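Undergrad: Pasted the sequence and its predicted model underneath.
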Amino acid sequence: MLKDISQTLSPVVSVAPAAARTTSTNGTGVDLRGYQAAMVTFTPAAITDGTHTPKLQESDVLGSGYTDVAAGDLVGTLSALAANTVQTVGYRGTKRYLRAVVTVTGSPSTGGIYSAVVLRGYPQVAPTA
């Protein structure tokens, strides 16, 4: 029998689904306070042109001071987004805020459609909702 994890995970949108993006996107910072784990899932739908490269950034302050997460603080790797190919990476850093970022290169005219969700886990207080 499977175990229920719905009470121990808290998903938060960092990059909201939107019309096709042709420029780089900084996601909204997600507060990790009260959680002991986090992972980010990038969910692309269509990528028609340009290169859309995901990464994570961290900060101690919401809205400023974001820097790229060091490779040693990631569980897994990320590569350029491809249509209908979900990518997930774990985070084991120490900063309070985490956000998804997608850098767009090339000269896209129609771009890509995608979103990113931060899944917070191992809450200090459960259930999460």
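TA: Happy to help now that I have it.

Undergrad: low-scoring stretches of the chain, by residue?
TA: When residues are selected by pLDDT under 70, those of the chain lie in 129.

Undergrad: Now do the contacts for R99.
TA: Residues near R99 by Cβ atoms under 8 Å, 6 or more residues apart in numbering: S14, N26, G27, T28, G29, V30, L56, Q57, E58, S59, Y66, V118. To be clear about C-beta, it is placed using only N, CA and C from the backbone, and glycine gets the same treatment.

Undergrad: how about 10 Å then?
TA: 14-15, 26-30, 40, 55-59, 62-63, 66, 69, 116, 118 (Cβ atoms under 10 Å, 6 or more residues apart in numbering).

Undergrad: Kindly report the same for T28.
TA: By Cβ under 10 Å, 6+ apart, the neighbours of T28 are V12, V13, S14, V15, A16, L62, G63, Y97, R99, A100, A116, V118.

Undergrad: Could I have the buried ones of these as PyMOL selection syntax?
TA: Of the contacts of T28, the buried ones go into a single PyMOL selection, burial set by 16 or more other Cβ atoms under 10 Å:
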select buried, resi 12+14+15+97+99+100+116+118
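
Undergrad: rewinding a little: can you tell me which of the contacts of R99 are in strands?
TA: S14, V15, N26, V30, V40, K55, L56, Q57, E58, S59, A116, V118 (DSSP state E).

Undergrad: May I ask you to confirm that the last one is in contact with G90?
TA: No: under the criterion of Cβ atoms under 10 Å, V118 makes no contact with G90, lying 11.1 Å away.

Undergrad: All set now, cheers.
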